[in-house]
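> build me a model:
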Amino acid sequence: MTQDDQHTRGIAILGSTGSIGTQALEVIREQREHLHVEVLTAHQNAALLIQQSKEFQPNTVVIGDLAKLKEVKDALFDDGIKVYGGAEALEQVVEMEGIDMVLTALVGAAGLRPTLRAIRAGKPIALANKETLVVAGALVMAEARAAGVDIHPVDSEHSAIYQCLAGELLNPIEKIILTASGGPFRGKSRAELLNVTKAQALQHPNWSMGAKITIDSASMMNKGLEVIEAKWLFDLKMEQVEVVVHPQSIIHSCVQFQDGSIKAQMGLPDMKLPILYALGYPRRLANDLERFDFLNYPHLTFEKPDMDAFRNLALAFEVGHKGGNAPAILNAANEVAVARFLADEITFIQLTNVVEHALQNVDWVSNPNLDSLVQSDEEARIKAGEFRS
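Numbers count the residues shown, from 1 in each chain. Below is the predicted model:
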């Protein structure tokens, strides 16, 4: 672990009430001899944050919504847990001395500033917030290199690549292959997607996730964001990233090396495994998770993604090639588009239209700094909100 085998690693979970955060706590619950909770944060879900805090007894808790601050403070007063509120507290708390690793499980671009702050404080990052690298990949990776900070990916696909690269430091990557389940609408034409419902889009065949990422998976925007994230995380060109639809979600991703050899990481579709790998790195911690049996999966199949029906994936490749602030525009507009779809303001097929509208109406900046990325994010959200069919 961090110092020796007797030291339990102190974890800060940013976004502890979301899908990844709650699963991370399940992992920690079973790994108390190796891991403990130092910090928990949530945006609005005060009730669950209080419940988690009473069980895991973190040093510090942050509730983003200041209107909920008194409720959380009062509930945790007798536990002696320090409680703070607001966005600035969220950024400051990652610098705490007792934190050995920061798990960024916030949804969307909200994860960028706290992640940068943690990197500058020298904290290793377990990254479950792909939007951080989509929005500001060049900036974040440069900061991580300068600070000597490791970024351990938590997305199952990027965790798979990370695991395949262990021991391959001197062997150049020819390409990586990101697998995609295809989501609930795999095989459907663009015409067939015109009338799909919100309830249908929220029914992912393999993974249990939050609403936002589930819709992103249905539209294949999630895979597009992962393509851009992989470019930065593994220092690749867009041409070195390939997407293959693999409906069974057993092969989580592959690396092809310059000699043509391919390494793949396999396992059942369970987010606890990549979470455990990131939090325990470099050790693989023993666990009771269900084991994969080849005899239960005699057929593993692969398909080419349909980028005509799922235009979001094509858009992400285009934006990744263009660079600059374009990925930040794409991400911000998509966050608004998904929120509008979940609110029944737009149809499923219009998710792409909203993103394209923002990309066409926000000025492109070739070499943005953090301030210009924030401005692009804000402008894209406005344009995405203005879109009318």
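
> tell me how this structure divides into domains.
For the chain, automatic domain parsing gives the domain ranges 9-153, 160-268+303-383.

> so which of those is nearest residue 279?
Residue 279 sits nearest to domain 9-153 of all the domains of the chain, at 5.8 Å, using CB to CB. Yep, even glycine has a C-beta here, placed from its N, CA and C like the rest.

> hang on, the earlier thing: residue 389: which of the domains of the chain is closest?
Closest to residue 389 of the domains of the chain, according to CB to CB: domain 160-268+303-383, at 5.9 Å.

> kindly check the end-to-end length of that closest one for me.
For domain 160-268+303-383, the first and last residues are 36 Å from each other (CA to CA, to the nearest Å).

> pLDDT averaged over that domain, what's the number?
For domain 160-268+303-383, mean pLDDT is 95.

> how about the strands in the stretch 51-200 of the chain?
Using DSSP state E, counting those that start in this stretch, the strands of the stretch 51-200 of the chain run over 60-63, 82-85, 101-104, 125-127, 151-153, 173-180.

> and the nearest residue to residue 216 once chain neighbours are set aside, how many neighbours?
If the residues on either side of it in the chain are set aside, residue 216 comes closest to residue 222, at 3.6 Å by CB to CB, 6 or more residues apart in numbering. A total of 27 residues lie near residue 222 under the criterion other CB atoms under 10 Å.

> could you do residue 47 as well?
Applying other CB under 10 Å, we find 14 residues neighbouring residue 47.

> so which strand or helix has it?
helix 46-56 (DSSP states H and E).

> give me the contact list for that helix.
16-17, 22, 25, 28-29, 36-37, 40-42, 61, 63, 65, 68, 71-72, 75-76, 79, 81 (CB atoms under 8 Å, 6 or more residues apart in numbering).

> skip the chain neighbours and tell me the closest residue to residue 346.
In space, and not counting its chain neighbours, residue 346 is closest to residue 340: 4.8 Å by CB to CB, 6+ apart.

> again with residue 201
Closest residue to residue 201 apart from its sequence neighbours, by CB to CB, 6+ apart: residue 218 at 4.3 Å.

> the one you found and residue 24, how far apart?
24 Å (CB to CB, to the nearest Å).

> helices and strands around the helix or strand where the residue nearest to residue 216 lies, which ones?
Using DSSP H and E, residue 222 maps to helix 221-233. Other elements packing on helix 221-233 under the criterion 3 or more CB pairs under 8 Å, 6 or more residues apart in numbering; DSSP states H and E are helix 131-147, strand 151-153, helix 156-164, strand 173-180, helix 211-219, strand 241-245, helix 311-322, helix 326-342.

> dump those to JSON lines, plus distance to residue 294 and mean neighbour count.
Shown next, in JSON lines, are these (distance: least, CB to CB, whole Å; neighbours: other CB atoms under 10 Å):
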{"stretch": "helix 131-147", "distance to residue 294": "33", "mean neighbour count": "21"}
{"stretch": "strand 151-153", "distance to residue 294": "26", "mean neighbour count": "23"}
{"stretch": "helix 156-164", "distance to residue 294": "17", "mean neighbour count": "25"}
{"stretch": "strand 173-180", "distance to residue 294": "17", "mean neighbour count": "21"}
{"stretch": "helix 211-219", "distance to residue 294": "26", "mean neighbour count": "23"}
{"stretch": "strand 241-245", "distance to residue 294": "20", "mean neighbour count": "19"}
{"stretch": "helix 311-322", "distance to residue 294": "30", "mean neighbour count": "20"}
{"stretch": "helix 326-342", "distance to residue 294": "36", "mean neighbour count": "25"}
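
> can I get those in a markdown table with distance to residue 367?
Output for the helices and strands packed on helix 221-233, formatted as a markdown table (distance: least, CB to CB, whole Å):
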| stretch | distance to residue 367 |
| --- | --- |
| helix 131-147 | 9 |
| strand 151-153 | 22 |
| helix 156-164 | 25 |
| strand 173-180 | 26 |
| helix 211-219 | 28 |
| strand 241-245 | 22 |
| helix 311-322 | 13 |
| helix 326-342 | 12 |
